[in-house]
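**Student:** Take this sequence and fold it.
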Amino acid sequence: MLQINLMPRDLSPREELLKIQKKIFVQNDELIRGQAVIQERGFESYERDYKRQVRDFSEVSTIDEMIAAVQQADIVYLGDYHTNKQSQRMLLRILKLLVEKTSQFAIGLELVHRHHQKILEDYLGERITEETFLKKIQFKKYWYFDLWENFRPIFEFARYWKIPLFGIESSLSGEVDLNGRDGLNAALIASLIRKDPARKWIFFVGDLHLAPSHLPNKVLRSLHKTVLKDLILYQNSESIYWRLAEKEMEEKTEIVRIDPRSFCILNTPPIVWQQSYLNWLEHEGGGIDYADAKHSFLTLVDQIAAFLGIEPAPAKEEVEVFTCGDLSFLKRLREDGGFSKKEIRQIKKQILSSESYCIPQKKYIYLANLSLNHSAEEAAHFLKYLCSGAEFPRDPVDAFYANAIHEALGFFGSKIINHKRKCFHEKEYQRLVDYLRSEGKPRQRRLQLETALLILDHKRRERRGLPILSQRFFRSHPDLFFGVTHGLGYILGDKMYYALLLEKITKEEIRDLFHDPMKGEGRPYEIYRALLKRVQGVKIPKRV
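**Tutor:** Residues are numbered from 1 along each chain as shown. Coordinates of the predicted model:
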């Protein structure tokens with residue numbers, strides 16, 4: 001019998017990224033399950049019920065279809081993953097879309113206990129301060145997660161639009177198991193609805209509570225003969241995400257319909273929402289391990305390098321990673337020398353502006369926050385340094401385009417880790433300009449306006465094949481230099497990522513960019529123009 005040995009085919013960039021994500025997901029899942037925080041009574045069977053509901057979908061949907069379903073429902077449940085800020089942003093997004101059509105709705109939040117309702121109303125009525133409100137509801141006692149910054153806009157929205165807001169948590173931590181807690185909360189929710197049945201009710205609770213047999217069906221039973229239509233909006237099912245990814249649909253799909261009663265919103269890749277929880281476990285926020293920032297950072301360097309087929313130089317181990325909580329950073333800069341007073345002032349300004357950056361000549365990385373996006377972007381910058389060496393004095397125009405390319409590679413690298421990351425493109429910059437001009441914004445936003453205008457002007461010049469002619473203006477305005485090259489670089493890096501997925505550009509070409517020191521007069525602009533041609537026509541997927 002003839003035996004044929006088939007050579008294994010090379011994985012496409014998409015397949016490699018998916019493989020990497022699944023591997024990271026499994027590792028994260030093992031870490032999460034090893035934590036005592038989630039070991040509540042009956043958790044495993046409770047979770048199985050939930051996962052059965054979100055294991056697959058019936059069809060791809062849209063934000064318009066989902067909002068239409070929200071309008072038709074009497075009760076709407078939206079799932080929350082507490083440490084993932086995109087979950088809270090989605091609630092605000094839905095509320096903003098809904099208020100354009102009706103103000104006859106109310107919001108119920110798991111975040112606030114029912115017996116704190118009077119305190120909540122005092123806060124919304126501005127009779128007490130935010131500090132007093134958080135203290136009186138014992139926010140830090142009942143919520144392990146540091147969520148307030150993510151939730152504040154929801155409270156501000158309710159206050160501005162005079163939307164009733166209710167605390168719907170009925171049990172104290174540890175009082176009852178998950179099913180018992182659902183029963184208590186369902187009784188409270190039913191009592192609220194009975195008092196005002198004509199109003200639409202939006203309830204924001206942990207995603208696991210949304211399996212029909214958990215909270216929703218218990219609410220319907222508590223309402224007895226009252227006939228109301230409910231709608232369940234889950235967020236970020238990993239099973240649905242993997243199914244979409246295997247069909248090459250994860251980039252262009254934000255919402256799917258599961259069944260007539262439910263949708264699932266996908267705005268965060270599984271490893272990103274997992275990491276938000278893992279980071280909280282270690283240090284109450286961020287995207288990489290605060291306790292071992294260097295190891296976490298180098299892991300990102302290795303992941304980006306592995307995807308591109310780059311072998312990082314051994315010098316990578318010499319990197320020192322400083323975080324926003326490290327008070328020794330500026331001291332180290334001064335002790336090590338090599339920085340002028342002007343450079344130190346600029347670094348201080350960047351720290352104040354919460355900007356992460358790489359100082360390659362010292363092998364220093366400063367992470368203004370520990371988000372996965374910030375960390376991965378700086379990991380890509382550091383990998384570029386390892387491959388092509390430190391930057392050197394350049395002609396002003398060359399410096400402009402060299403920095404834009406560095407920013408492009410940084411953003412591209414962060415997309416390898418989190419492909420859902422977004423950035424402003426021309427339409428967003430034009431909307432920003434229109435907004436700042438129409439609203440008569442104060443002078444402190446002047447820099448933002450000037451930066452946006454210069455980015456738009458440069459994009460117009462690009463279409464005519466024209467570079468900037470002189471950079472003397474930017475020399476005297478370093479904030480504009482960094483702001484404009486940052487914006488242009490992000491736009492280019494975003495398009496490079498999607499060009500790679502469409503196989504309009506290869507990993508080999510991007511790998512060459514990491515190794516190219518861009519020496520020679522005019523070389524940075526030559527590379528920049530060549531990249532613009534390669535990504536021409538690449539469209540960025542629309543996002544919710």
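**Student:** show me what contacts Y498?
**Tutor:** Listed by C-beta atoms under 8 Å, 6 or more residues apart in numbering, the contact set of Y498 reads 251, 535, 538-541. (Each C-beta comes from the backbone N, C-alpha and C, glycine too.)
**Student:** out of these, what pair is the most spread apart?
**Tutor:** The span of those, defined through C-beta to C-beta, is set by E251 and V535 at 15.6 Å.
**Student:** Pick out whichever of these two has more residues nearby.
**Tutor:** Neighbour count, other C-beta atoms under 10 Å: between E251 and V535, V535 has more, with 21 against 17.
**Student:** OK, contacts around that one?
**Tutor:** So V535 contacts 492, 495-496, 498-499, 504-505 (C-beta under 8 Å, 6+ apart).
**Student:** Repeat the analysis, applying 6 Å as the threshold.
**Tutor:** V535 makes contacts with 495-496, 499, as judged by C-beta atoms under 6 Å, 6 or more residues apart in numbering.
**Student:** cool, and K316?
**Tutor:** K316 sits next to L386 when contact means C-beta under 6 Å, 6+ apart.
**Student:** in the chain, what secondary structure element scores lowest on mean pLDDT?
**Tutor:** None of the helices or strands of the chain scores lower by mean pLDDT, DSSP states H and E than helix 472-475, at a mean of 66.
**Student:** Next secondary structure element downstream of it?
**Tutor:** helix 478-501 (DSSP states H and E).
**Student:** Tell me the buried residues in that following helix?
**Tutor:** Buried residues in helix 478-501, defined by neighbour count with 16 or more other C-beta atoms under 10 Å: 480-501.
**Student:** Pick out whichever of the contacts of Y498 sits closest to P314.
**Tutor:** Ranked by distance to P314 (C-beta to C-beta), these are led by V535 at 33.5 Å.
**Student:** With adjacent residues omitted, what lies nearest to the closest one?
**Tutor:** Nearest non-adjacent residue to V535, counting by C-beta to C-beta, 6 or more residues apart in numbering: K495, 3.9 Å away.
**Student:** same check, this time on R152
**Tutor:** E130 (7.7 Å).
**Student:** What count of nearby residues applies to the one you found?
**Tutor:** Here the count is done by other C-beta under 10 Å, and E130 has 13 residues near it.
**Student:** rewinding a little: would you turn the contacts of V535 into CSV with pLDDT and distance to L432?
**Tutor:** Listed next are those as CSV, based on pLDDT from 0 to 100; distance: C-beta to C-beta, whole Å:
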residue, pLDDT, distance to L432
K495, 97, 19
M496, 97, 23
A499, 96, 25
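**Student:** what's the closest of the residues you listed to F392?
**Tutor:** Of all the contacts of V535, M496 has the smallest distance to F392: 24.1 Å, by C-beta to C-beta.
**Student:** Pretty sure that closest one sits against F412.
**Tutor:** Yes. The pair M496 / F412 is scored as a contact, 5.1 Å apart, by C-beta atoms under 6 Å.
**Student:** What is the one helix or strand V26 maps to packed up against?
**Tutor:** Element membership of V26 [criterion: DSSP H and E] is helix 13-33. Judged by 3 or more C-beta pairs under 6 Å, 6 or more residues apart in numbering; DSSP states H and E, the packing partners of helix 13-33 are helix 270-283, helix 478-501.
**Student:** contacting residues around that helix?
**Tutor:** Helix 13-33 is contacted by residues 245, 270-271, 274, 278, 500-501 when judged by C-beta under 6 Å, 6+ apart.
**Student:** could you dump that helix to CSV, C-alpha only?
**Tutor:** Extracted in CSV, the C-alpha atoms of helix 13-33 (Å, rounded to 0.1, in the frame of the first residue of the first chain):
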residue,chain,number,x,y,z
PRO,A,13,-0.9,34.7,10.7
ARG,A,14,-4.6,34.4,11.8
GLU,A,15,-4.2,30.7,12.7
GLU,A,16,-1.0,31.4,14.6
LEU,A,17,-2.6,34.2,16.5
LEU,A,18,-5.6,32.0,17.4
LYS,A,19,-3.3,29.3,18.6
ILE,A,20,-1.4,31.7,20.8
GLN,A,21,-4.6,33.1,22.2
LYS,A,22,-6.0,29.6,23.0
LYS,A,23,-2.8,28.6,24.7
ILE,A,24,-2.8,31.8,26.8
PHE,A,25,-6.4,31.2,27.7
VAL,A,26,-5.8,27.7,29.0
GLN,A,27,-3.0,29.0,31.2
ASN,A,28,-5.0,31.8,32.5
ASP,A,29,-8.0,29.6,33.2
GLU,A,30,-5.8,27.2,35.3
LEU,A,31,-4.6,30.2,37.3
ILE,A,32,-8.1,31.6,37.9
ARG,A,33,-9.4,28.2,39.0
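**Student:** what about R345, neighbour count?
**Tutor:** Residues near R345, counting by other C-beta under 10 Å, number 11.
**Student:** Could you save the contacts of helix 13-33 as TSV and add columns showing pLDDT and distance to D512?
**Tutor:** Formatted as TSV, the contacts of helix 13-33 follow (pLDDT from 0 to 100; distance: C-beta to C-beta, whole Å):
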residue	pLDDT	distance to D512
A245	88	28
P270	87	32
I271	80	28
Q274	82	33
L278	73	35
L500	96	13
L501	93	18
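**Student:** who wins for most neighbours among these?
**Tutor:** Neighbour counts for the contacts of helix 13-33 peak at L500, which has 26 neighbours (criterion: other C-beta under 10 Å).
**Student:** any weak-confidence spans in the stretch 301-450 of the chain?
**Tutor:** Within the stretch 301-450 of the chain, the segments meeting pLDDT under 70 span 324-328, 352-354, 369-370, 439-444.
**Student:** repeat that with 90
**Tutor:** Residues of the stretch 301-450 of the chain meeting the criterion pLDDT under 90: 313-315, 321-374, 390-393, 395-396, 418-421, 435-447.
**Student:** does the residue lying closest to R394 once chain neighbours are set aside count as helix, strand or coil?
**Tutor:** Among residues not flanking R394 along the chain, A402 sits closest, at 6.0 Å (C-beta to C-beta, 6+ apart). Under DSSP: H, G, I helix; E, B strand; the rest coil, A402 falls in the helix class.
**Student:** go on, P393?
**Tutor:** The local conformation at P393, judged by three-state DSSP, is coil.
**Student:** Ramachandran coordinates for it?
**Tutor:** phi -60, psi 130 (degrees, to the nearest 10).
**Student:** Likewise for Y77?
**Tutor:** For Y77, the backbone dihedrals (degrees, to the nearest 10) come out as phi -110, psi 130.
**Student:** What's opposite it in the beta bridge?
**Tutor:** Counting by DSSP bridges, Y77 is bridged to F203, I232.
**Student:** Look at it and say how many residues are nearby.
**Tutor:** Here the number of neighbours of Y77 (other C-beta under 10 Å) works out to 26.
**Student:** Over to the one 3 residues further on?
**Tutor:** In terms of burial, D80 registers 24 neighbours under the definition other C-beta under 10 Å.
**Student:** now do the one 5 residues further on
**Tutor:** If you count neighbours by other C-beta under 10 Å, K85 ends up with 18.
**Student:** okay, it: pLDDT?
**Tutor:** Note on K85: pLDDT of 84.
**Student:** Who are the contact partners of it?
**Tutor:** Applying C-beta under 6 Å, 6+ apart, the residues near K85 are N150.
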